[in-house]
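# predicted coordinates and the sequence they were generated for:
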Amino acid sequence: MKTLYSDLRVELRKLIVQAPTHAPKTPHPHKDGTGNAPRIREKSVLIGLTVLGTARVSGGLGEWQIDSTYSFSPVSGLINLHAINSIQPAPHQAAYDALRASLNNVFGLGSGGVGGIQPGEARAVDSTQTRL
């Protein structure tokens with residue numbers, strides 16, 4: 001990220017602690033003689049982050065919203081699973097848009113895309129008209 005973007009910063013959007021509402025027993029070999037550990041200790045944290053930065057090539061602002069879940073071991077309390085739930089917009093789309101904007105500037109197309117269409121914009125086309 002630091003290669004493609006400068007002035008990176010991370011903002012915390014959301015923090016939710018998730019724990020089971022009831023405490024059924026689940027098998028676990030490290031607990032008491034019965035091999036059961038209370039499930040009440042199985043917790044996870046949902047974290048929502050916003051990452052912002054300035055693209056080094058085009059100078060445009062990049063922004064992503066990342067939601068991740070961290071699950072903790074009921075025995076040690078350490079993180080045993082990190083799952084990335086979503087990244088919006090998709091990282092490859094931001095890189096593609098930055099490359100397109102840079103090429104548009106190099107070839108003198110200005111701020112508009114080919115035919116004046118902006119990235120992500122859709123236009124209706126009348127296919128009944130013939131071109132000369």
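That came through fine.

# what about stretch 93-105, average pLDDT?
Stretch 93-105 shows an average pLDDT of 73 in the prediction.

# only alpha carbons, please: show that stretch as PDB.
Output of stretch 93-105 as PDB, limited to C-alpha atoms (Å, rounded to 0.1, in the frame of the first residue of the first chain):
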ATOM      1  CA  GLN A  93     -11.000  -1.900  -9.100                       C
ATOM      2  CA  ALA A  94      -9.200   1.000  -7.400                       C
ATOM      3  CA  ALA A  95      -5.900   0.100  -9.100                       C
ATOM      4  CA  TYR A  96      -7.600  -0.200 -12.500                       C
ATOM      5  CA  ASP A  97      -9.300   3.200 -12.100                       C
ATOM      6  CA  ALA A  98      -6.000   4.800 -11.000                       C
ATOM      7  CA  LEU A  99      -4.300   3.400 -14.100                       C
ATOM      8  CA  ARG A 100      -7.100   4.500 -16.400                       C
ATOM      9  CA  ALA A 101      -7.000   8.000 -15.000                       C
ATOM     10  CA  SER A 102      -3.200   8.200 -15.400                       C
ATOM     11  CA  LEU A 103      -3.400   7.000 -19.000                       C
ATOM     12  CA  ASN A 104      -6.200   9.500 -19.700                       C
ATOM     13  CA  ASN A 105      -4.000  12.300 -18.500                       C
END
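
# contacting residues for Q65?
R13, G48, L49, T50, S86, I87, Q88 (CB atoms under 8 Å, 6 or more residues apart in numbering). The C-beta positions use only the backbone N, C-alpha and C, and glycine is treated the same way.

# in helices only, show me the residues you listed.
Using DSSP state H, no member of the contacts of Q65 falls in helices.

# please, a PyMOL command that selects the buried ones among the residues you listed?
Here is the PyMOL selection string for the buried members of the contacts of Q65, based on 16 or more other CB atoms under 10 Å:
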select buried, resi 48+49
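
# between the contacts of Q65, which sits nearest V57?
Closest approach to V57 among these (CB to CB): I87, at 20.4 Å.

# now the closest residue to that closest one other than its chain neighbours: phi and psi?
Closest residue to I87 apart from its sequence neighbours, by CB to CB, 6 or more residues apart in numbering: I66 at 5.2 Å. Main-chain torsions, I66, degrees, to the nearest 10: phi -120, psi 130.
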